[in-house]
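Participant: Sequence and computational prediction follow.
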There are 2 protein chains.
Amino acid sequence: MGDEESGRNSGESSRRTFLSIGAAVGGALLACSDSGDTPAGDSVKRTGKPPDEYGERSPFEKSVRKGSVSRYPEAGSTRTPLQDSHGIITPSSLHFERHHAGVPLIDPAEHRLLIHGLVERPLILTMDELKTFPSVSRIHFIECSGNSRGEWKPKKGATAQISHGMASCSEWTGVPLSVLLDEAGVKPEAAWLIAEGADACKMHRSLPLEKCRDDVIVAYGQNGEAIRPEQGYPLRLVAPGHEGNINVKWVRRLMLADQPAMGREETSKYTDVLADGKARQFSLTMESKSVITRPSGGQKLPGPGFVEITGLAWSGRGLIERVEVSTDNGATWTDATLQEPRHRIAFTRFRLPWTWDGTPTVILSRATDETGYVQPAVEALVEARGPNSDYHNNGIKSWKIAADGSVTHA
Amino acid sequence: MGDEESGRNSGESSRRTFLSIGAAVGGALLACSDSGDTPAGDSVKRTGKPPDEYGERSPFEKSVRKGSVSRYPEAGSTRTPLQDSHGIITPSSLHFERHHAGVPLIDPAEHRLLIHGLVERPLILTMDELKTFPSVSRIHFIECSGNSRGEWKPKKGATAQISHGMASCSEWTGVPLSVLLDEAGVKPEAAWLIAEGADACKMHRSLPLEKCRDDVIVAYGQNGEAIRPEQGYPLRLVAPGHEGNINVKWVRRLMLADQPAMGREETSKYTDVLADGKARQFSLTMESKSVITRPSGGQKLPGPGFVEITGLAWSGRGLIERVEVSTDNGATWTDATLQEPRHRIAFTRFRLPWTWDGTPTVILSRATDETGYVQPAVEALVEARGPNSDYHNNGIKSWKIAADGSVTHA
């Protein structure tokens, strides 16, 4: 190639190759689609697989969600492999899970959304009826308030998946809840909305009405297609920036009330007992947080030299304004570059070029959101809330790099 | 629910439900995971499926890529079902395909990228070596220049998938090509880059060097995970805003040259013969374009009343600044709302509330990009380029709504 003459030749040769495909199709296809692992380099010698209707990832890709072993798997969870993530979108197939009674199989043609309680006009909507209302699409993270729960302990998460994997980010599409509330006509005495799912434990949570009028979405779409079963198919509440459990999946009922339901998931669970014995209740907002995903626990640097430090930052209060990275265990901090355009209440990818000199060190990241709130050290959280905290650990995460390049939790 | 007392009860009752799950697990699981379609409403009566490692969409979702029947399917294509799309992200499983020799199965551990020709230091990079360079993530559309090819004809595409489905949008992650060119050291006489894929036809295309230095990405990530096999796993060129064929998949070779290769895919193909017999060559940029995805061909309005008109707009030259919609066959136009934040050279979702009065009409959309270029009528394109055009049809698309609400091409 490179000059017009040889250019023609290369044109000819690729045309010959092209025509030869026809004759070779049968054998080539067999050879290709039957062999689990075509010897590399051979790809140019045989025709590949034809197009298909709904694609799958490469069989060479092994990154998966992992959960803690549970006596009742249906009440278990899985975590997103953040150490393998790129950009800000989490593949729907790898979005973290936390179920209380398993993933129900729901026929969208039979699903209904009931809006009742303190309203002028109770509504029962089919999926088709719901979709006739104006919709919005927004990229938002969802984080379980139990994410990083293990980070309170001296022995902390060995990988970013274990320590921070109960956070994921998708483009959600649905009807603004405010539109449906206007349709139903909320009575003046209403102050809370109680959302109930169609799973076997009828998981339900209470949301302040102001939040519902602000930016909550009744979502039917995720990353461009129907919401996934593990994420609430065919319908879930998306309450941007509020703890994951509030984003009720398989939502079938929205009841307007003058006070919260005080159900199991907001009394005995999803609250933290403070030093004085009182519980933090309705601690709904997920505060500013970040984690370095590469290099991170379980990975290994090939040796001294250039490495791009990259990770994710997010805040339930809006835009991430700044992410600082330290490569000397917190002695000095450098501003990382943020992926633009940033989306509010969404993952923000940060990157910082770094040259590792081969000496052992500790790397950390800390995020600042548009309210000026700076991600604190775990010690500061314990100082403020006492020793009993379980949920809402947004403390700074550190990774230790050993002389051999191996990365572990500091 | 609704007052504290009954709140406690609902707490109790959901706790009972929860505890009963344990005992019921075996049977419930069998009942749930074995039945292909649990009767609706029953979801609250049985435990659902436990979490899994890599999720799939609901069995109730049937939207798929569809291609034109081809004698050699490996040289065929499939189209994205845009009429079912939400937001701006195309699910990787539904990203359009156009292959010239099928989808090769490539082991990333064996894959190499060769950079040679007019460079100071030829490079051969493994995937691991490539990933040590700084990366970027950007949301970009890719459109086959043959998209909307059928729209030149009197009988036009019956659905948005047929007429515009060879365009899709993903978040791409990879190394800026400019970084690799600096590493190799481009010689002053170099003016073009010739990219070659590892498929059986060694598909190759020529890119102007200025474009390569500007915003081209050597991409290994798509929508948060490894790029999909049909999109070039493990490596593809992403040349934002340039015709799809230039975004060489399974890329294995980048040769710097003083002129283009003049290969098959840029001489006998991907050019248009003008009225004077000369061919438009290196017509690489995809101009401003849009399509209404709902209501669109094949769909049916339930009857007169409110409907949200929504669709997608994109431009290879940067941001979409404006999308106008007409509901009276072009007599008057109204600005639609654009999904924010907008990304440059990416799908932009537009929405316009509308009340259909039940009389037959024609709806259209036209996009304007940041350069001020306004999407033209197909007739204007024929006027400018003559009757022989095949590629690069970015003309305005119209949908006819009949009295019974059925939507067809106008």
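Facilitator: The structure has been received and is ready for your questions.
Participant: is stretch A:321-333 anywhere near chain B?
Facilitator: No: judged by CB under 8 Å from any CB of the partner chain, stretch A:321-333 stays clear of chain B, getting no closer than 14.1 Å. Just so you know, the C-beta spots here come from the backbone N, C-alpha and C atoms, and that holds for glycine as well.
Participant: which residues are contacting that stretch?
Facilitator: A:290, A:292, A:309, A:311, A:313, A:334-336, A:338, A:348, A:350, A:352, A:354, A:356, A:361-370, A:372, A:398, A:410 (CB atoms under 8 Å, 6 or more residues apart in numbering or on different chains).
Participant: Using neighbour counts, pick out the buried residues of it.
Facilitator: Across stretch A:321-333, burial judged by 16 or more other CB atoms under 10 Å in any protein chain shown covers A:Glu321, A:Arg322, A:Val323, A:Glu324, A:Val325, A:Ser326, A:Thr327.
Participant: circling back to that earlier point, which PyMOL command selects the buried ones in the contacts of stretch A:321-333?
Facilitator: A single PyMOL command selects the buried members of the contacts of stretch A:321-333 (16+ other CB under 10 Å):
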select buried, chain A and resi 290+292+309+311+313+336+338+348+350+352+354+356+361+362+363+364+365+366+367+368+369+398
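Participant: hmm, back to that, would JSON lines of the buried residues of stretch A:321-333 with pLDDT and secondary structure be doable?
Facilitator: Shown next, in JSON lines, are those (pLDDT from 0 to 100; DSSP: H, G, I helix; E, B strand; the rest coil):
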{"residue": "A:Glu321", "pLDDT": "98", "secondary structure": "strand"}
{"residue": "A:Arg322", "pLDDT": "98", "secondary structure": "strand"}
{"residue": "A:Val323", "pLDDT": "98", "secondary structure": "strand"}
{"residue": "A:Glu324", "pLDDT": "98", "secondary structure": "strand"}
{"residue": "A:Val325", "pLDDT": "98", "secondary structure": "strand"}
{"residue": "A:Ser326", "pLDDT": "98", "secondary structure": "strand"}
{"residue": "A:Thr327", "pLDDT": "98", "secondary structure": "coil"}
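Participant: Turn those residues into TSV, columns for distance to A:Asp214.
Facilitator: Listed next are those as TSV, based on distance: CB to CB, whole Å:
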residue	distance to A:Asp214
A:Glu321	21
A:Arg322	25
A:Val323	26
A:Glu324	30
A:Val325	32
A:Ser326	35
A:Thr327	39
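Participant: In the stretch 251-400 of chain A, what residue spans correspond to helices?
Facilitator: Using DSSP state H, counting those that start in this stretch, the helices found in the stretch 251-400 of chain A span residues A:264-267, A:378-385.
Participant: Nearest to chain B, out of those?
Facilitator: Among the helices of the stretch 251-400 of chain A, the nearest to chain B by CB to the nearest CB is helix A:264-267 (4.5 Å).
Participant: Quick check, central residue of chain A?
Facilitator: A:Ser168 (0.5 Å; CA atoms, centre = their mean).
Participant: Tell me which residues touch that residue, please.
Facilitator: A:Thr80, A:Thr90, A:Leu94, A:His95, A:Phe96, A:Phe141, A:Ile142, A:Glu143.
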